[in-house]
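Asks: Pasting the sequence and the predicted model now:
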Amino acid sequence: QVQVAESGGDRVQPGESLRLSCTASGFRMASWSVAWFRQAPGKEREGVACLNVNDGSIEYADSVKGRFTISKDKPKNTLYLQMNNLKPEDTATYYCAADAGSFGGGWTDFDLWDFWGQGTQVTVSS
């Protein structure tokens, strides 16, 4: 059974850093595309970062480029999202997504991803 589970969400102040983790079970993360999405209250779920299995390419939303880094630890079968210089507008529930396929520019379409975690809350506030 394919499952992903996020952890690491917290309440932090602007400018601080946080690392989210996504542990996978039932599949090898090294062979699947994986991504982080987020959803703020009253807003649509948006793609934050993606690791595409097809060519190993990494994509980021413009709003997080230079601040967030997506990576995966293959032996631990775990996906990470390192978030630096956090801003209040980064406040959201963060979700891990996984899919056996590969994505091009359409990775931000959340309907295309097959497996989701329950989410972890990140709050950035002074």
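Replies: Good, I have the coordinates. It should be emphasised that the depicted structure is a prediction, and the values quoted were computed from it without experimental measurement.
Asks: Please compute how far the helix or strand hosting R38 lies from its chain's middle.
Replies: Applying DSSP states H and E as the criterion places R38 in strand 33-39. Centroid displacement of strand 33-39 relative to its chain, using C-alpha atoms, centre = their mean, to the nearest Å, is 4 Å.
Asks: residues of that strand that come out buried?
Replies: Neighbour-count burial for strand 33-39 flags S33, V34, A35, W36, F37, R38 (criterion: 16 or more other C-beta atoms under 10 Å). For every residue, glycine as well, the C-beta is placed using N, CA and C.
Asks: Now do the same contact list for the residue nearest the centre of the chain.
Replies: Residue closest to the average C-alpha location in the chain (C-alpha atoms, centre = their mean): W36, at 1.7 Å. Listed by C-beta atoms under 8 Å, 6 or more residues apart in numbering, the contact partners of W36 are 20, 22, 47-50, 70, 79, 81, 94-97.
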